[in-house]
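In: Provided below for reference: sequence and predicted model.
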Amino acid sequence: MNTQLIIVLQLFGIGAVFYFLIIRPQGQARKRSAEMIAAIKKGDEITTAGGLVGRVKEVKAERLTIESGTSTVVVDRARIIRVGNTTADGTAAS
């Protein structure tokens with residue numbers, strides 16, 4: 001009986017460590033990323049996952065029109081990795 005209790009407590013401890021070190025931080029990063037992308041407005045400088053950098057010219061539900069150099073491009077919001085100096089994981093870009 002005593003060894004079974006120890007095994008159960010160890011499994012619980014491993015589960016708690018796994019939750020607090022892996023699952024919870026990923027959820028928080030996902031939430032910050034969604035908030036950042038939802039707050040994009042006209043005039044913001046963005047960077048896409050493909051490396052395209054430009055200023056937001058028009059904001060629609062799921063698509064953004066950005067101006068990069070002399071070109072105008074339509075990109076999906078899900079492809080945005082950086083707005084201004086803030087990356088999708090909530091850290092400041094260097």
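Out: Alright, I've got the coordinates. Numbering: from 1, shown residues only.

In: for this structure, what's the longest helix?
Out: helix 2-18 (DSSP state H).

In: pLDDT of that helix, averaged?
Out: The average pLDDT for helix 2-18 rounds to 94.

In: tell me the first helix or strand C-terminal of it.
Out: Downstream of helix 2-18, the next assigned helix or strand under DSSP states H and E is helix 24-38.

In: state the distance from the residue nearest to the spatial centre of the chain to residue 77.
Out: With distances taken as Cα atoms, centre = their mean, the residue of the chain nearest its centroid is residue 33 (3.0 Å). Using Cβ to Cβ, to the nearest Å, residue 33 is found at 11 Å from residue 77. (Glycine included, C-beta is placed from N, CA and C.)

In: follow-up on the earlier one: now the residue nearest to the centre of the chain: how far from residue 78?
Out: Taking Cβ to Cβ, one finds residue 33 at 10 Å from residue 78.

In: distance of the residue nearest to the centre of the chain from residue 59?
Out: 17 Å.

In: same check on residue 85?
Out: 20 Å.

In: now swap in residue 47 and tell me
Out: From residue 47 to residue 59 the distance is 16 Å (Cβ to Cβ).

In: the more surrounded of the two?
Out: Set side by side, residue 47 and residue 59 show more neighbours around residue 47, with 19 against 14, by other Cβ atoms under 10 Å.

In: make sure that one is indeed in a strand.
Out: Yes - residue state for residue 47 (DSSP: H, G, I helix; E, B strand; the rest coil) corresponds to a strand.
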